[in-house]
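1. need a structure here:
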Amino acid sequence: QQKRGATLKAAPLPLTLVDDELETAVGATACRLRERASEDGRVGERPPDVSGRGSARQDQDQGPPGFSNRGAEAPSPGTVPVDVNAPPVMDDGAEGEVLELEHMIGFTGKNLDTIIAHPRLSEVYVKSVGSAVVVGDLNDPHNQEFLRGHDMEVTALAVSATGAFIASGQAGTTHRKGFGAPVIVWDFETRRPLLTLQGHTEKVNILRFSPDEKFLAACGQDLLLQIWDLQTGELILGKKFKQVVAMFQWCDVNQKGRRNVYDIAIGSSNNVALDQLYFDPARQQWILDGTSMAMPTAGMTRDYLCSSRSADGDELLAGTSVGDLLVFKLTSHVYRASVPVCSGGLRAIVVCPTTFVIYCGGGDGTVRKLRGDDMRWTLEGEAALDGAVTSMSMVSNGTELLVGTESGRMYRMLVDDLSSQLVSVGHTAEVTCVCFGTRSDVFASASSEGAIKVWDLNNYSVLAETRVTAPGGARCMCWIGDTAVVSGWEDHFVRCHDASTMQALWEIPNAHRGAVTTVATHSDASLSYVLSGGEDGSVRIWALRSRELMLQFVEHKKGVSQVLVDVKSPNLVHSAGLDCSVFTYDLRKERRCVAHMVREGAFTGLTQRLDSEQELVTCDMNGRLLFWDCDVPDPVQVLQSPQRMTMRCVSVSPTGRYLAICGDFLVNVFDLRGGVQLMAQGLGHSEPVRDLYWSPDEKQVISVGDDCCICVWNFYGAEI
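-> Okay, here's the model as predicted:
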């Protein structure tokens, strides 16, 4: 049995093709693309500033990304500058990465068709998680491979008919001018990018491979339809519509001379057309033209969400926003029927090619099984899931459906009786906080929509979850041992839930005159309390058993960003605030005993070293790490990011040797032994990282971010 934290790197899975001619064509296309990439000295054109791996050792001459002495501010008097260009602390014989992306937990269900079962391998699926494309295994949750090339959320996915290629499109980038939304074509066998296709802006909504895998079509929020030749990467057709193309369906492929002719169904608001894509030898270019479907004269105003072809290829089936199934005859170009299926919109249609049954996924969370054609349809079964269905595809063995919902859940559903099994769960809003208790295989997370989840790292399943109806959601959390989770909320409450059942145990209403931004707890035979800080600048200590207010300190002029209990003396507590100040309070003397301040740089995080006289460490909005000794008024060490990236969290590892911070999109790990030296940087998130936490055994780091993702990092620092 695979142990927790081990990374499984499966060998490339062979593809089993059934059509010899298609196999030859696809193989030739892949070979030409690989040869062209090799001749160019690269594989595909990748967007700049994006890493293809979860982490990497940095070049010693250039310095690590995001940290350099170049342009750093001179430290204030009494500080010691830190050489952030120093090489990573490793033994000469060390191999591999110090920080490795093991797993990504996440699926928001916001975009249609972003979970797809592989058409040839029954255990393999492809889904989007933030800016990454994840190739997963239905039978082994530890087996994930990451295709990284996008710098924004992946909004569209497609897998070719044989499974040889994957295409992914993203939202328009905010990191470069033009708001471009590139499409990347991946080789499934090698997991390498083959082509990066430019032209769309704002957002890619739909991606579709042609049945013969020679072309890729993309429809975007910019009203554009673009079709590329996969053998050359050439754009063969670009057309701008008056409205967003909401439906694109490849239909028949017919041989005409040296080139094929393609029938394509295209739908936008209130209009469906059956077009032909063909090559005009006189103009030496590809042409798209056709005729609109004959519709009723009145009463058929529809917005289209999805489409498919019937098993015999004679009918076009379209799902609409009002929840009905529209049937069109492709041979006569005529509308035939409107079949009410669900409420909330018909968002996914899957057709079984052998049984002629169609499966419809609705916005009301139902999956319905229909049989029939033309104007005669019968309902053979239905099942309800948690959340509106946004993705649905047939597993290659034909016995299961893979279903994704808007609540962030992925299910395996048997086609016979529509019974379902939950595969994975994710947050659907920004993940604001994460923490471990005493166990290294269980952690908790919370989001801005009020969801709290307790996770099992052995299989990445949810042990318990709840949703609290509170504006703004949770802001912070911590554990009481391994039995309960305490959280601070935007609605001024402190709440406590049982970790095994998520039953509400107690709450402190109006704990602060503003959002509760940070909490910590301490419990032993002599002293037990809850420590909280809020946007009102106050630090409050509550009796753990009675929840009565014991003490209050109002020293900060702005919000408190972090509180913590001293690592040696539980009667001492520390706080850092957005007013650039750090205070230490003595609970026995009931007063502040130490104060540190700087002129600029709002403090966003606070932690404490276990060595070096238990110095406090703060991070701030200006990209600085400041180390504070209680006997020295100024910071004793300063680490400056020349890019001034916003650091949101800092955490010392359980042994005290390592320091982890999250800055913008990166997770950074430093070695505190013999100075402060950067060991590794990990890129896993597509939006700013909000929080991170070490596992108690120091083998993993968990980071969460605004991209609704949870990244699980393996840390191998203790092994080198």
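2. Which parts of the protein are helices?
-> Using DSSP state H, the helices of the chain run over 20-40.
3. Geometric centre of it: which residue is closest?
-> By CA atoms, centre = their mean, the chain has its centre lying nearest to residue 130, at 3.0 Å.
4. That one contacts residue 683, doesn't it?
-> No - using CB atoms under 8 Å as the test, residue 130 is too far from residue 683 to be in contact (10.9 Å). Heads up, the C-betas are built off the backbone N, CA and C, glycines and all.
5. thinking again about what came up before, quick one: residues contacting the residue nearest to the centre of the chain.
-> 104, 106, 153-154, 684-687, 705, 707-709 (CB atoms under 8 Å, 6 or more residues apart in numbering).
6. And it, its phi and psi?
-> Here is the backbone geometry of residue 130 (degrees, to the nearest 10): phi 60, psi -130.
7. so how far is residue 244 from it?
-> Noted for residue 130: a distance of 24 Å to residue 244, by CB to CB, to the nearest Å.
8. got it, and residue 664?
-> 32 Å.
9. repeat for residue 354
-> 34 Å.
10. Among the two, which residue is more densely surrounded?
-> Ranked by neighbour count (other CB atoms under 10 Å), residue 354 and residue 244 place residue 244 first, with 18 against 7.
11. Can you check the pLDDT for the more buried one?
-> At residue 244, the model reports a pLDDT of 94.
12. do the same with residue 642
-> So, for residue 642, pLDDT stands at 77.
13. What of residue 663?
-> Reported pLDDT at residue 663 in the predicted model: 81.
14. rewinding a little: mind checking which of the contacts of residue 130 land in strands?
-> Cross-referencing the contacts of residue 130 against strands under DSSP state E gives 104, 154, 705.
15. Okay, buried residues for stretch 124-140 please.
-> Going by neighbour count (16 or more other CB atoms under 10 Å), the buried part of stretch 124-140 is 124-138.
16. Tell me how far that stretch lies from the chain's centre.
-> 11 Å (CA atoms, centre = their mean, to the nearest Å).
17. What of stretch 621-636?
-> Relative to the centre of its chain, stretch 621-636 is centred 34 Å away, using CA atoms, centre = their mean.
18. if I pick residue 557, what's in contact with it?
-> By CB under 8 Å, 6+ apart, the contact set of residue 557 is 537, 577, 579, 581.
19. 7 Å - rerun?
-> When contacts are counted by CB atoms under 7 Å, 6 or more residues apart in numbering, residue 557 touches 537, 579.
20. Distance of residue 224 relative to residue 147?
-> Distance of residue 224 to residue 147, given as CB to CB: 24 Å.
21. and what of residue 558?
-> Taken as CB to CB, the span from residue 558 to residue 147 is 42 Å.
22. out of the two, which sits in the busier spot?
-> Neighbours per residue, other CB under 10 Å: of residue 558 and residue 147, the larger number sits with residue 147, 22 against 15.
23. Does the more buried one touch residue 192 like I think?
-> No - taking contacts as CB atoms under 7 Å, residue 147 lies outside contact range of residue 192: 8.6 Å.
24. Overlap in contacts, these two.
-> Overlap of the contact sets of residue 147 and residue 192 (by CB under 7 Å, 6+ apart) consists of residue 186.
25. Spell out the residue ranges of the strands in the stretch 401-550 of the chain.
-> In the stretch 401-550 of the chain, the segments counted as strands under DSSP state E, counting those that start in this stretch are 409-414, 420-425, 431-436, 442-447, 451-456, 461-467, 474-480, 484-489, 494-498, 504-508, 516-523, 528-534, 539-543, 549-553.
26. of those strands, which approaches residue 397 most closely?
-> Ranking the strands of the stretch 401-550 of the chain by proximity to residue 397 (CB to CB) places strand 409-414 first, at 11.1 Å.
27. Give me the mean pLDDT for that closest one.
-> 96.
28. Starting from it, tell me which strands it pairs with and how they run.
-> Using DSSP bridges, the strands paired with strand 409-414 are strand 400-405 (antiparallel), strand 420-425 (antiparallel).
29. Run the chain-centre distance for the first one.
-> It refers to strand 400-405. 19 Å.
30. which residues sit against it?
-> Here strand 400-405 makes contact (CB under 7 Å, 6+ apart) with 107, 109, 114-115, 117, 125, 350, 359, 361, 365, 367, 385-395, 410-415.
31. what do you get for stretch 611-630?
-> 567-568, 574, 576, 582, 584, 594, 596, 600-609, 635-641, 643-647, 650, 652, 656, 659, 661, 663.
32. Among the residues you listed, which ones are in strands?
-> 574, 576, 582, 584, 594, 596, 603-608, 637-640, 647, 650, 652, 659, 661, 663.
33. And the residues you listed, which of them are buried?
-> Among the ones in strands among the contacts of stretch 611-630, those buried by neighbour count (16+ other CB under 10 Å) are 574, 576, 582, 584, 594, 596, 603-608, 637-640, 647, 650, 652, 659, 661, 663.
34. Need the phi and psi values for the closest residue to residue 175 other than its chain neighbours.
-> Once flanking residues are discounted, residue 175 sits nearest to residue 151: 5.4 Å by CB to CB, 6 or more residues apart in numbering. Dihedral pair for residue 151: phi -120, psi 10, per degrees, to the nearest 10.
35. Any idea how many residues pack against residue 151?
-> Residue 151 is flanked by 22 other residues according to other CB under 10 Å.
36. likewise residue 369?
-> So residue 369, with other CB under 10 Å, has 21 neighbours.
37. The one 10 residues further on too?
-> Counted with other CB under 10 Å, residues neighbouring residue 379 total 13.
38. Tell me which residues touch residue 473, please.
-> Neighbour list for residue 473: 429, 432, 447-450, 490 [criterion: CB under 7 Å, 6+ apart].
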